[in-house]
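J.: Here you go, sequence then predicted model.
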Protein chains: 2
Amino acid sequence: MPVITSVRSYDVRFPTSLELDGSDAVNVDPDYSAAYAVLEADNGERGYGLVFTAGRGNEIVAKAIESYGARLVGLELDELVSDLGAAAKRLVHDSQLRWLGPEKGVSQMAAGAVINTLWDVRARREGKPLWRLLAEMSPEEIVSAIDFTHIQNALTPEEALEILRAGEVGKAERLAELAANGHPAYTTTPGWLGYSDEKLVRLSKEAVAAGYDMIKLKVGTSLEDDVRRMRLAREAVGPEIRISIDANQRWEVDEAIAWTNALAEFDPFWIEEPTSTDDVLGHADIRRGVAPIKVATGEAVMNRIIFKQMLQAGSLDVLQLDSTRVAGVNENLAILVMAKKFGVPVCPHAGGVGLCELVQHYSFFDYAALTGEIGWKRVEFVDHLHEHFVEPARVVNGSYVAPVLPGTGAEMVAQSRDRWVFPDGAGWVELRAAGRI
Amino acid sequence: MPVITSVRSYDVRFPTSLELDGSDAVNVDPDYSAAYAVLEADNGERGYGLVFTAGRGNEIVAKAIESYGARLVGLELDELVSDLGAAAKRLVHDSQLRWLGPEKGVSQMAAGAVINTLWDVRARREGKPLWRLLAEMSPEEIVSAIDFTHIQNALTPEEALEILRAGEVGKAERLAELAANGHPAYTTTPGWLGYSDEKLVRLSKEAVAAGYDMIKLKVGTSLEDDVRRMRLAREAVGPEIRISIDANQRWEVDEAIAWTNALAEFDPFWIEEPTSTDDVLGHADIRRGVAPIKVATGEAVMNRIIFKQMLQAGSLDVLQLDSTRVAGVNENLAILVMAKKFGVPVCPHAGGVGLCELVQHYSFFDYAALTGEIGWKRVEFVDHLHEHFVEPARVVNGSYVAPVLPGTGAEMVAQSRDRWVFPDGAGWVELRAAGRI
């Protein structure tokens, strides 16, 4: 029986702030980073997980991964991997560690990365990419992986089981369809605040030419700029392409309503993160105030309990789960099933480092085994940093191509990981030597 | 001009799990711990801050304190201390670090400890304990210390100023009264789940004899046990003494209502943490379901934005701020002023390590400069681990005695700190040698 011998963490950072890729109204200078987790057992089996961060502080998450990982060292891998619901609870509800959240922030993200190393092992053992593993698991096993603590007034295990059983009808056909055609994406590549008008227009047109039917623009720093940029983008793509906008939590509630409505003439599809991601009631007010423009949020929503309330309060038209913000695959499953129950479409957040690689699996699962619908649901795509992953996310003609390698998609190319370990990897050493940082 | 040369952190833990002091339905075996922050400037000035934790994971908070502290090294102390609002925002809204929350969990707590080292310097410079410093600051300066981001639909700077100006009437008399008589407390000492019935009864009687008019019992593991323990406690203290109960987030929403009502015959004053501390809407449902029993929460509420919603949604009868859960003195001020606006009494959470020493200051300020009322408001008191602080919290005849030493109360006795540094302090080395851990 293999025994876990280590869970190592790596503080991997990429110098994206040098180019202003990823700049928005709040994240003005991110260095896209991954706190990367590698679990190893004494038989050589390995599992990978990661947390995306914006640079500084990645070392804190890496430290937290070590602390959570230490709870697994010495345990039998088979026992953990055969009951991933129990494994996740063991970490999330650890009687001392839970004080650090509970279930939020650094500790939740780190627990998630460690939990995901176990899912990665499971998927590798079964020889399946995560989306197929999940879609082919029995409804009973999916339910057993979900932690229903503090969400039972919105979703009971019995309801979840019923939803998942209903999702089995036509599943085989949908799996084949996904393997052949993939899942539609949208792109945020044109819309970073740091880009010039010329670059915005050029990238918007390129996005349409590449097959996307939705793009997204960052807004929220200057209304005058936003009006100009929205007009340029709308002129560039024409009336048929959806343009969503994203304020990255920049606004107060009233301000969000006024600002969004001031852009209504350019027909934005959704307004994303209009205010604090913790503000369930504020989002509900904003949703009422900007309809029919949709309200989207989720990339910074910390756990299933906030999502539960957003669904209960009618705060959302679009739920944007983020695979590394919450406690791993398990909590993403809880959120997906809740969203299905409340009839709210899920369009996962991606970008950064590794998020595209990870979140695509949830949308594939969502279509194959949960909702059986795509409609206007799109998975975010941003075209940078994919080359650092063993199976880079790929979008062809506006759709994510189904991953085929076994695992969750988190495994990084070892050379990339070592080159960009902060602060002593060769990449960082060279940047310092060149005086660029 | 003094310049900050270091912000060091210490992982200090006390082996309280050996005695089951502090055991409740969720925190079954805490080792009460402090991630302790010491700021030092090149002129020798020092400021102290801390985060309370339950043991494991304290090292993560200590690491985060280093990361936040590093943002201050090299800066001029006077500039930071003269504008504590700007200083706090600089840390809380750091463009890269904020991804780790935003404003929640490990990063928020660590930011708070570092911010509080600056408040500690400020109070020392003025020769005042924090409560007096705050009460004697101008309403304008208090308002400038508050971060109104994402709460302006509940409290504007103008409203805060008006509230604080109204609080100035009679302030001098109240300050004198506090200095003479202190502020009423309640005690949780009798009610830990790990205690025998005999110990519960004995400690309950001792609490009344010592002058307390309210005690608190932990509940939530077994209804049968809770009924028996509540009956014993009620018999021990008689009908006039308030008994509150505390479930430490153990329940689902419906369960909380049923369980609390099943204890109603023993006249509980409030039910504390009936469910997830993130569940604004759930608390509102519970409050409607258990009235006239009051609903209290706050020790794990992560920031002013959740408290805002709890106040907006009518989730609370009692707001229990925790001085080391949120982003320092600044965010506690925001919460206190919001609570005053909504007319919800604040009874701070204490216990653990250092919380009694810290939170008392907020209740003194609340009475002196904000609400001018005590009524049934009580500050929690638990009688352990005070000897490790330079100015231990003191309760005499059921009331906290006003602190007199300059500062926030966070400074630990250096010998205690060094003895209980984990894992290599002499205290831990001795426990290991004795085979007790």
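T.: Received it, and whenever you're ready, just let me know what you need.

J.: Can you tell me which helices and strands the host helix or strand of residue A:236 packs against?
T.: Under the criterion of DSSP states H and E, residue A:236 resides in helix A:223-237. Helices and strands touching helix A:223-237, as assessed by 3 or more C-beta pairs under 8 Å, 6 or more residues apart in numbering or on different chains; DSSP states H and E, comprise strand A:183-191, helix A:197-209, strand A:214-218, strand A:242-246, helix A:253-262. (Each C-beta comes from the backbone N, C-alpha and C, glycine too.)

J.: just the angle between it and strand A:183-191, please?
T.: For helix A:223-237 against strand A:183-191, the angle by axes from the mean of the first three to the mean of the last three C-alpha atoms, to 10 degrees is 130 degrees.

J.: who's in contact with helix A:223-237?
T.: A:190-191, A:197, A:200-201, A:204-205, A:207-208, A:215, A:217, A:219-220, A:243, A:245, A:259, A:262-263, A:266-268 (C-beta atoms under 8 Å, 6 or more residues apart in numbering or on different chains).

J.: residues in contact with residue A:134?
T.: Residues in contact with residue A:134 (C-beta under 8 Å, 6+ apart) are A:142, A:329, A:333, A:361, A:365, A:369.

J.: got it, and residue A:14?
T.: A:31, A:32, A:33, A:353, A:385, A:388, A:420.

J.: Spatially, which two of those residues are the most separated?
T.: Among the contacts of residue A:14, the pair separated by the greatest distance (C-beta to C-beta) is A:31 and A:388, at 13.8 Å.

J.: Not counting sequence-adjacent ones, nearest residue to the residue of the stretch 151-300 of chain A found nearest chain B?
T.: Chain B sits closest to residue A:276 of the stretch 151-300 of chain A, with a gap of 3.9 Å, by C-beta to the nearest C-beta. In this structure, residue A:276 finds its nearest non-sequential neighbour in residue B:150, 3.9 Å apart by C-beta to C-beta, 6 or more residues apart in numbering or on different chains.

J.: What distance do you get for the one you found to residue B:78?
T.: 30 Å (C-beta to C-beta, to the nearest Å).

J.: quick one: the closest residue to residue A:396 other than its chain neighbours from residue A:359, how far?
T.: By the measure of C-beta to C-beta, 6+ apart, the closest residue to residue A:396 outside its immediate chain neighbours is residue A:182, 7.1 Å from it. Distance of residue A:182 to residue A:359, given as C-beta to C-beta: 14 Å.

J.: Have a look at those two and say which one is more surrounded.
T.: residue A:359 (29 against 22; other C-beta atoms under 10 Å in any protein chain shown).

J.: Output the contacting helices and strands for the strand or helix carrying the more buried one.
T.: In this structure, residue A:359 sits in helix A:355-365 according to DSSP H and E. Here helix A:355-365 touches helix A:130-136, strand A:183-191, helix A:328-342, strand A:379-381, strand A:399-400, going by 3+ C-beta pairs under 8 Å, 6+ apart.

J.: Output the ones you listed in a markdown table; the columns should cover mean pLDDT.
T.: Below are those laid out as a markdown table (pLDDT from 0 to 100):
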| stretch | mean pLDDT |
| --- | --- |
| helix A:130-136 | 98 |
| strand A:183-191 | 94 |
| helix A:328-342 | 98 |
| strand A:379-381 | 97 |
| strand A:399-400 | 98 |
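
J.: Which residues of the stretch 301-437 of chain A lie near chain B?
T.: A:302, A:303, A:305, A:306, A:308, A:309, A:312, A:313 (C-beta under 8 Å from any C-beta of the partner chain).
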